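J.: Just need the structure, nothing else, for what follows:
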Amino acid sequence: MLRGKAPAPKVAIVLGSGLGGSIPDLEGRVEVAYTDIPGFPNPTVKGHSGKLLFGTFKRKKGDLPVAVMQGRYHHYEGHHMGAITRPVRVLAALGVETLILTSAVGSMRKTLPPGSVCVLNDHINYLGTNPLHGYHTSEFGDMFPDMGGAYPESLRKLALASCKRLKINAREGVYVAAPGPSYETPAEIRMFQRLGGDVVGMSVVPEVIVAKQCGVKVLGLSWVSNMAAGIIKETLTHHDVLALGQRMAGKLKDLATDLLEKV
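T.: Just a heads-up that it's a prediction; the model follows:
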């Protein structure tokens, strides 16, 4: 039902918590509610509106068809991994070659304070499950995808260069996926630090695993909404995450726009 709505997208962007205002300017924009797409449940988390957008990004080297997901699904909402990652498979089937994943994270490093962007170079899956468990068909891709190079260096370099141009504090780092919805304990954060983690969140990793299986290149951009538990003595709330996301939306729109000129 999605084919024919707009030109087949080559790049897709998934907008994380509070980032609904980060959509780059697109011509011929078409909106489809998740509830109108078979197999797409409605997100239940505040800050995830549940719309799939299509449009054309006008750039100097030629028009670029783009898809934007306003909101994602999380394992803690009760969705199974197949539902969480179905949008990635749909985007791959539509022709998407590059997937830009944004998300809100807690920082475990003082070099990444709130308002910074962590350009992901690897991840640790602490969810206790994997989206590739269960039924497999060759149409999905390799049953045993190699997760080395899940975050291509070429895209990371583009992102870091864009952040530098836009004066956004950024550095590369390792994303730890925790199950949520409770925030992590100080002891868990100390463990994640020792394992090599830099930021922690409750999404991204299932989407990356499926994208890698589908042969889609991934750029992970995590904006730091707060310092993780135990690093500073402040109570963590989702309200604060959304509030900072709204303040960051303009910067991330500029970053997405700059990146689309170059991918």
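J.: Okay, H239 and D254: tell me how far apart.
T.: Distance, H239 to D254, by CB to CB, to the nearest Å: 25 Å. For glycine as for every other residue, the C-beta is placed from the backbone atoms N, C-alpha and C.
J.: An error on my part: the question was meant for V216.
T.: 24 Å.
J.: Looking at these two, which has the bigger crowd around it?
T.: Set side by side, V216 and D254 show more neighbours around V216, with 20 against 16, by other CB atoms under 10 Å.
J.: ok, that one - contacts?
T.: Taking CB atoms under 8 Å, 6 or more residues apart in numbering, we find V216 in contact with V88, L91, A92, V96, E97, T98, L99.
J.: Show me the strands in the stretch 101-250 of the chain, by range?
T.: Assigned by DSSP state E, counting those that start in this stretch, the strands in the stretch 101-250 of the chain fall at 117-125, 170-177, 199-201, 217-227.
J.: tell me the mean pLDDT over the first one?
T.: Here the mean pLDDT over strand 117-125 is 98, rounded to a whole number.
J.: low-confidence ranges in this protein?
T.: Applying pLDDT under 70 to the chain flags residues 1-6, 17-18, 43-49, 236, 244.
J.: Phi and psi next, for L94.
T.: Main-chain torsions, L94, degrees, to the nearest 10: phi -80, psi -10.
J.: circling back: for the strands of the stretch 101-250 of the chain, which one sits closest to C163?
T.: Comparing these against C163 with CB to CB, the closest turns out to be strand 170-177 (3.7 Å).
J.: Tell me which other helices or strands that closest one touches.
T.: Under the contact definition 3 or more CB pairs under 8 Å, 6 or more residues apart in numbering; DSSP states H and E, strand 170-177 sits against strand 117-125, helix 153-165, strand 199-201, helix 205-214, strand 217-227.
J.: Turn those into TSV, columns for mean neighbour count and distance to G20.
T.: Putting the helices and strands packed on strand 170-177 into TSV (neighbours: other CB atoms under 10 Å; distance: least, CB to CB, whole Å) gives the following:
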stretch	mean neighbour count	distance to G20
strand 117-125	21	18
helix 153-165	16	21
strand 199-201	26	17
helix 205-214	25	18
strand 217-227	25	13
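J.: Between the ones you listed, which one is closest to R72.
T.: Per CB to CB, nearest to R72 of the helices and strands packed on strand 170-177: helix 205-214, 7.4 Å.
J.: before we move on, back to that, out of the strands of the stretch 101-250 of the chain, which is closest to P38?
T.: The nearest among the strands of the stretch 101-250 of the chain, by CB to CB, is strand 217-227 at 25.1 Å.
J.: Out of the contacts of V216, which end up buried?
T.: Burial by neighbour count, judged by 16 or more other CB atoms under 10 Å, picks out V88, L91, A92, V96, T98, L99 from these.
J.: contacting residues around the fourth one?
T.: Looking back up the chat, that one is V96. Contacts of V96 by CB under 8 Å, 6+ apart are P9, K10, V11, A12, A67, V216.
J.: Between those, which sits nearest F140?
T.: Lowest distance from F140 to the contacts of V96 (CB to CB) belongs to V216, with 12.2 Å.
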